[in-house]
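*Asks:* Below are the sequence and a predicted model for it; my questions follow.
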Amino acid sequence: MRFALIFRLPKAVLTQVTRNYAEYSPKALRSLKPKSSRNTVQFYVDSCRVRAVAGNGGDGCISFLSVWCKDHAGPDGGDGGHGGHVIFQATHSKKSLNHCNSVIQAKHGERGFNKDCTGKNADHIFVEVPLGTIIRDKSGRVVGDLQEEGAMFVAARGGAGGRGNKFFLTDTEQAPSVAEEGAIGESNHYTLEVRSMAHLGLIGFPNAGKSTLLRAVTRARPAVAPYPFTTLRPHIGMIPYDDYEQVAIADLPGLIPGSHKNYGLGIQFLQHAERCRGLIFLLDGTNDPLAQYSTLAKELALYSQALAQRPRCLVLNKIDVPAVKEIQKEIGRKLDVIAVSAKTGQNISELLRVIRKMYDAGDDYVK
């Protein structure tokens with residue numbers, strides 16, 4: 001016989017525990033391990049073109065069995081093996097497409113042998129892609145949408161193995177001298193796109209400090225320099241919190257006036273922003289931040305009304321400059337902004353708290 005002990009907490013203690021849990025706010029973890037000093041920087045690849053080439057089938061064999069008691073014992077040519085498929089498989093362990101080669105080639109099937117030996121089938125090639133990957137054919141039509149863990153799309157089918165001369169044995173043809181060649185595998189071109197690139201995206205004008213801010217809050221290493229230049233390819237950084245949640249932040253290419261007309265990086269940039277759950281507007285405090293925000297909001301609205309209504313957070317950068325502190329007071333009367341310094345790390349902890357709040361609230365969060 002088993003007995004269960006039930007402990008009941010006093011009502012006052014239970015109320016205090018519930019209140020403490022409700023007031024608990026997850027804190028971002030700061031890694032003490034130094035960042036890598038390697039010169040090789042891995043870029044985030046969210047779109048690529050690939051050619052999937054399946055393997056050919058093995059040829060059938062033409063052979064006749066000869067034994068000691070019977071010279072002509074009949075045909076014994078085996079079939080060829082099947083060629084390998086090329087298959088895309090969705091997995092949560094992949095976040096980017098930078099591991100995908102431009103040409104994905106599967107192996108060919110083995111030819112048939114005598115004594116009715118069938119050739120070996122080639123192994124299929126499984127290419128892991130992130131969840132939410134969209135697959136388009138040469139015409140741009142969506143042929144695959146891998147939304148669930150383990151979902152697969154056969155990009156190219158391998159050729160079937162050819163049949164040996166044993167298959168062609170009939171009552172009237174006792175010694176067939178014919179066999180099939182292996183079928184040729186498919187060869188197709190596809191465009192892969194990752195729909196869900198990051199939870200939140202950093203948007204702003206070129207040289208607003210997006211790359212510097214990403215380096216300050218994550219372990220990503222986008223290029224930064226003391227001279228003006230803009231990011232051409234997106235970078236991804238992860239912010240870990242003490243409750244084991246991780247928030248992905250994307251440093252998106254800079255936005256300029258007329259981007260909705262494909263000026264600059266144009267539509268390519270806006271497509272990156274469209275895949276993010278929330279947006280962080282990074283304003284350069286030394287270059288008329290109110291005009292920057294007006295331009296950014298206008299470009300988003302002209303491109304997509306749904307994108308313009310996405311949850312957002314306004315961040316004023318470079319408050320380590322004395323002139324920006326005066327501008328902060330003026331902007332604070334009109335907009336609710338968070339003033340930070342990506343260079344010195346000032347007020348970064350407050351930004352990390354707001355980022356987690358946006359992540360937890362999802363699309364219901366309105367700053």
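*Replies:* Ah, there it is.
*Asks:* switch to C-alpha atoms for all contacts and neighbour counts from now on
*Replies:* OK.
*Asks:* Next, the buried residues of stretch 291-307.
*Replies:* By 16 or more other Cα atoms under 10 Å, the buried positions in stretch 291-307 come out as 292-293, 295-296, 299-300, 303, 307.
*Asks:* Okay, and which of these map to strands?
*Replies:* Among the buried residues of stretch 291-307, no member falls in strands (DSSP state E).
*Asks:* Quick check: helices, which of those residues are part of them?
*Replies:* 292-293, 295-296, 299-300, 303, 307 (DSSP state H).
*Asks:* could you dump those residues to a markdown table with distance to A122 and pLDDT?
*Replies:* Formatted as a markdown table, these follow (distance: Cα to Cα, whole Å; pLDDT from 0 to 100):
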| residue | distance to A122 | pLDDT |
| --- | --- | --- |
| Q292 | 57 | 83 |
| Y293 | 57 | 84 |
| T295 | 56 | 83 |
| L296 | 53 | 81 |
| E299 | 51 | 77 |
| L300 | 49 | 78 |
| Y303 | 48 | 72 |
| L307 | 46 | 74 |
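*Asks:* of the residues you listed, closest to Y190?
*Replies:* Nearest to Y190 among these, counting by Cα to Cα, is Y303 at 26.2 Å.
*Asks:* what's next to stretch 143-154, contact-wise?
*Replies:* The contact list for stretch 143-154 (Cα atoms under 8 Å, 6 or more residues apart in numbering) reads 85-92, 131-137.
*Asks:* how about low-confidence regions in the stretch 251-367 of the chain?
*Replies:* Along the stretch 251-367 of the chain, the parts satisfying pLDDT under 70 run over 253-275, 362-367.
*Asks:* Which parts of it are strands?
*Replies:* All strands of the stretch 251-367 of the chain, identified by DSSP state E, counting those that start in this stretch, fall at 278-284, 312-317, 337-339.
*Asks:* how far away is the residue lying farthest from the centre of the chain from K166?
*Replies:* Distance from the C-alpha centroid of the chain, by Cα atoms, centre = their mean, peaks at C69 (65.5 Å). Note on C69: its distance to K166, by Cα to Cα, to the nearest Å, is 20 Å.
*Asks:* returning to what we had before: and the contacts of stretch 143-154, which are buried?
*Replies:* Judged by 16+ other Cα under 10 Å, buried ones among the contacts of stretch 143-154: 85-91, 131-137.
*Asks:* ok, back up a step: from the contacts of stretch 143-154, which has minimum pLDDT?
*Replies:* Lowest pLDDT within the contacts of stretch 143-154 is found at G132 (80).
*Asks:* before we move on, the earlier item: what's the farthest-apart pair in the contacts of stretch 143-154?
*Replies:* Going by Cα to Cα, the pair spanning those furthest: H92 and D137, at 23.6 Å.
*Asks:* Would you mind putting the buried residues of stretch 291-307 into CSV with distance to D284 alongside?
*Replies:* Output for the buried residues of stretch 291-307, formatted as CSV (distance: Cα to Cα, whole Å):
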residue, distance to D284
Q292, 8
Y293, 10
T295, 13
L296, 12
E299, 17
L300, 18
Y303, 23
L307, 22
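*Asks:* Without its sequence neighbours, what residue ends up closest to K95?
*Replies:* Leaving aside its sequence neighbours, K95 sits nearest to P130 (Cα to Cα, 6 or more residues apart in numbering; 5.2 Å).
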